[in-house]
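Enquirer: Fold the following for me, if possible:
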Amino acid sequence: MTHTGILLPALVAHRGYSAAAPENTLAAVRAAFEAGATWVELDVQLLGDATPVIWHDADVARCSDGRGELKSLDLESAKRLDVGAWFGDEFAGERMATLDEMLTLLDELRMGVNLEIKVNKGRDAIALVDTVLPLLMEKMPADRLIVSSFDLEALRRCREFAGSQTLALGVLFGAVPGQWQAMCEGVDAYSVHPDWARLKRPQAEAMVAAGYQVLCYTPNDPAAFEPRWHWGVNCAITDEPVAFKRFLDHRDRA
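Expert: Predicted coordinates for the structure are as follows:
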């Protein structure tokens, strides 16, 4: 397992501060920073013209004023979409962020990022990695970067691409499979990212014992999540970093 020098915070803001701003936007990352978060989790995919953008869904219907699949858009048409007004009037005019724009902002704010390589159905995992990784490794210091994915092919390609350079990889799971450890070892993973609601205590303890950092997605109720800290979970990737911080501060004072 690669030693990365990462100082992992207890809280990572999911898709930016997505309870307070439109997810996966520059505005959401600024909101996370202003709320005191030091790390964010974001998703990256390719447009039809191979521009890497920060976006979660296979299409644009849910989080923009447009319709259609991401793979059918080029940068010019993607940039015409309003990706903020759906969330609130004050975000009207927000534009889809390219990976390059997002990395520039993260650098300016000195924030860390857990970037998910989002391989939606029918999309090419290798093309995505080969486009994203050069930019990522040029612009983000290794101690402020975790690259995660549900897609093992993508993670294997990331490991291959990094070669002798330090790169923290995280393996995402819904329900944790029996062979989770072999899957993590196969990509020399730094961290395991299970669904918090489906993670069982023995699994969490085994992950910790094997030397992995455990980052759970996406708990938004800090009281319901509380027992997981005692299982050795390192980090909550949450839409509600402020509510979580308030809860943890209160608990620590008590």
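Enquirer: Contacts for the helix or strand hosting E138, please.
Expert: Using DSSP states H and E, E138 maps to helix 125-139. For helix 125-139, the surrounding residues in contact (CB atoms under 8 Å, 6 or more residues apart in numbering) are 44-46, 50, 52, 99-100, 103-104, 107, 115, 117-119, 145, 147, 149, 151, 153-154, 157-158, 161-162, 165, 167. (Glycine included, C-beta is placed from N, CA and C.)
Enquirer: Return the distance of stretch 173-188 from the chain's centre.
Expert: Stretch 173-188 has its C-alpha centroid displaced from the chain centroid by 18 Å (CA atoms, centre = their mean, to the nearest Å).
Enquirer: Could you do stretch 38-50 as well?
Expert: For stretch 38-50, the distance to the chain centre is 9 Å (CA atoms, centre = their mean).
Enquirer: which residues of the stretch 51-200 of the chain fall in helices?
Expert: Here the stretch 51-200 of the chain has its helices, by DSSP state H, counting those that start in this stretch, at 75-80, 99-109, 125-139, 152-162, 180-186.
Enquirer: so for the last one, what's the average pLDDT?
Expert: Spelled out, it's helix 180-186. In this model, helix 180-186 has an average pLDDT of 98.
Enquirer: So which elements touch that helix?
Expert: Packing partners of helix 180-186 (3 or more CB pairs under 8 Å, 6 or more residues apart in numbering; DSSP states H and E): helix 152-162, strand 168-173, helix 201-209.
Enquirer: buried ones in the helix holding E138?
Expert: Within helix 125-139, the residues that count as buried by 16 or more other CB atoms under 10 Å are 125, 128-129, 131-133, 136-137.
Enquirer: now stretch 10-20
Expert: Quick answer for stretch 10-20 (16+ other CB under 10 Å): 11-20.
Enquirer: So, low pLDDT: which residues of the stretch 151-254 of the chain?
Expert: Scanning the stretch 151-254 of the chain for pLDDT under 70 picks out nothing.
Enquirer: How about the stretch 1-150 of the chain?
Expert: Looking at the stretch 1-150 of the chain by pLDDT under 70, you get 1-3.
Enquirer: where along it do the strands fall?
Expert: 11-14, 39-46, 52-54, 112-117, 145-149 (DSSP state E, counting those that start in this stretch).
Enquirer: which one of those strands lies closest to G232?
Expert: strand 11-14 (16.2 Å; CB to CB).
Enquirer: out of the buried residues of stretch 10-20, who's nearest E240?
Expert: Looking across the buried residues of stretch 10-20 and measuring by CB to CB, the closest to E240 is A19, at 5.1 Å.
Enquirer: Is it correct that the closest one is in contact with G88?
Expert: No: with contact defined as CB atoms under 8 Å, A19 does not reach G88; the gap is 11.6 Å.
Enquirer: Return the distance of the nearest residue in space to L109 that is not next to it in sequence relative to R156.
Expert: Spatial nearest neighbour of L109, excluding adjacent residues (CB to CB, 6 or more residues apart in numbering): F33 at 4.9 Å. Here the criterion is CB to CB, to the nearest Å. By it, F33 lies 33 Å from R156.
Enquirer: This completes my enquiry, with thanks.
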